[in-house]
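K.L.:
Just a sequence and a predicted model for now, questions to come.
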Amino acid sequence: MAILVIEGMRILVVSNEFFPQVGGIQRLLHRLSEEMPAAGVLASPHAQSEIFDKGQRYPVFRVLPGPTDNFTRRFMKKIVGPEVALSFSNFSEILSTSKMMRPDVILVGHIGSLGIGIRLGRRLGVPISLFAYGLEIARPWLKRRGFARLAFKRMLLKTDFILAISRYTSELVKRWGVHSKRITIAPLGVDANRFAMGDGKLVREKYGLQNKIVLLTVGRLVRRKGHDTVIKALPEIAKTVPQIAYLVVGEGPERERLEQMIREIGMAKYVIFADSVDEDELLEYYAASDLFVMPCCEIPEEGDAEGFGLVFLEAAAAGVPSIAGLSGGAPEAVDEGKSGLLVPPNNPAVLAEIVINLLSDKNRLHFMANGARKWAVGHSWESMAISVRKALEGIRQ
């Protein structure tokens, strides 16, 4: 949990999702803690958390999970996913620490921690707010199983205010009966200056990309990201742009299927898997690319879609135009025609045509590179912090 002090208001952020655990949610909460200077953080321990905690401007406290029966743990994981460790922590210890911090508002960083956030809110007599992203709200099986659906809906309705990272996510929340007055949209931010610092030289040398035109995707290897659409588009792209290369950063369950697809269509020499990349190295991968492509799509049977797409802002900050899928909240992360382009999902032919046209028009590519930088500068973490601050000040009144 993080205690944020905002012009006299003390905000208690409750979240099992926190750095040094890697991910977009963790980055969001950490950056907000920096923009709205944190008086303290309390979270579940993770690998190397002790080293990370010592380097922060705010004090960090870690709470070990407390005992619980296996049935309850399995059931909660099915309802809200694997991000529930904090829910099984020693509540008396959390309550004692929280009382010492004297919060005015509780901000839950992920729905997996909402149960404990509600308990704290009741005991402390303060309002509760929640960040909503996408998948955790849209899981289709929640709407099929009676008890799970009711429990999930009750938790959402007990939340005083919800911060949605996109209009798309906001609509998902409304479907659960939450009134629009209790929702505000707080788009993600990016450190535009940091991502503009890379030159990409070492990455291009590492993978032999010095004379290549590089397409880049950054993200977990899961179906919704659209890696397969890019791979299927490569044969057509390579006919016109033979020096093309596709650099894929990330790990995930789709790796084997994607590799098999690459072999079947004979594109092995064009695709490079870079696996996971350290946060400090990531900016160099963006800088090494000519075009960022992530034609994301919705997976209805899994309730999976891109809630926003922080990677589009990161690419923009590096001056790299993006091609995003017309799916979920991804269109909200791209300034259509200025920082990038939108394509219909699951359509390799259209994607290939757009990539070829854009790469063949250097003036347009340069125009979009400049537009991407302007777009990123307008989406700072500071501006997001201001949106969050105004929303939380409203529920305290």
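P.N.:
Here it is on my side, so go on. Residues are numbered from 1 along each chain as shown.
K.L.:
Give me the local confidence score for Ser33.
P.N.:
Looking at Ser33, its pLDDT reads 80.
K.L.:
And it, how far from Val63?
P.N.:
17 Å (Cβ to Cβ, to the nearest Å). Yep, even glycine has a C-beta here, placed from its N, CA and C like the rest.
K.L.:
So for those two, which sits in the more crowded spot?
P.N.:
A count of neighbours by other Cβ atoms under 10 Å puts Ser33 above the other of Ser33 and Val63, at 25 against 19.
K.L.:
List phi and psi for that one.
P.N.:
Phi and psi for Ser33, reported as degrees, to the nearest 10, are phi -60, psi -30.
K.L.:
With Ala274 instead?
P.N.:
According to degrees, to the nearest 10, Ala274 has phi -100, psi 0.
K.L.:
gap between stretch 169-185 and the chain center?
P.N.:
Its chain's average C-alpha position is 19 Å from that of stretch 169-185, according to Cα atoms, centre = their mean, to the nearest Å.
K.L.:
Residues contacting that stretch, please?
P.N.:
132-134, 137-138, 152-153, 156-157, 159-167, 307-308, 329, 387, 391 (Cβ atoms under 8 Å, 6 or more residues apart in numbering).
K.L.:
Now do stretch 100-107: distance from first to last residue.
P.N.:
17 Å (Cα to Cα, to the nearest Å).
K.L.:
Tell me the buried residues in it?
P.N.:
Neighbour-count burial for stretch 100-107, counted by 16 or more other Cβ atoms under 10 Å, picks out Met101, Pro103, Asp104, Val105, Ile106, Leu107.
K.L.:
any weak-confidence spans in the stretch 51-200 of the chain?
P.N.:
By pLDDT under 70, the weakly predicted segments of the stretch 51-200 of the chain are 64-89.
K.L.:
Run through the helices of the stretch 101-250 of the chain in chain order.
P.N.:
Using DSSP state H, counting those that start in this stretch, the helices found in the stretch 101-250 of the chain span residues 114-124, 135-138, 146-157, 167-174, 192-195, 201-206, 227-240.
K.L.:
okay, now the closest residue to Lys143 other than its chain neighbours: neighbour count?
P.N.:
Once flanking residues are discounted, Lys143 sits nearest to Arg149: 5.8 Å by Cβ to Cβ, 6 or more residues apart in numbering. Per other Cβ under 10 Å, the neighbour tally for Arg149 reads 16.
K.L.:
Walk me through the domains of the chain.
P.N.:
Per the record, the chain has its domains at 2-189+380-396, 192-377, by automatic domain parsing.
K.L.:
Arg175 and Arg154: what is the separation?
P.N.:
15 Å.
K.L.:
Count the residues that sit near the closest residue to Ser166 other than its chain neighbours.
P.N.:
Leaving aside its sequence neighbours, Ser166 sits nearest to Gly329 (Cβ to Cβ, 6+ apart; 3.2 Å). By other Cβ under 10 Å, the residues close to Gly329 number 27.
K.L.:
residues in contact with Gly329?
P.N.:
Taking Cβ under 8 Å, 6+ apart as the test, what Gly329 contacts is Gly134, Ile165, Ser166, Arg167, Tyr168, Thr169, Ala305, Glu306, Gly307, Phe308, Gly309.
K.L.:
same thing with Ala318?
P.N.:
Here Ala318 is in contact with Phe195, Ala196, Gly198, Leu283, Tyr286, Ala287, Ser289 (criterion: Cβ under 8 Å, 6+ apart).
K.L.:
next one: phi and psi at the fifth one?
P.N.:
Dihedral pair for Tyr286: phi -60, psi -40, per degrees, to the nearest 10.
K.L.:
same question, the third one
P.N.:
Summarising the backbone geometry of Gly198 under the convention degrees, to the nearest 10, its torsions are phi -80, psi 160.
K.L.:
pLDDT score for the spatially closest residue to it that is not a sequence neighbour?
P.N.:
Of all residues not flanking Gly198 in the chain, Ala287 sits nearest, at 3.3 Å (Cβ to Cβ, 6+ apart). Ala287 carries a pLDDT value of 98.
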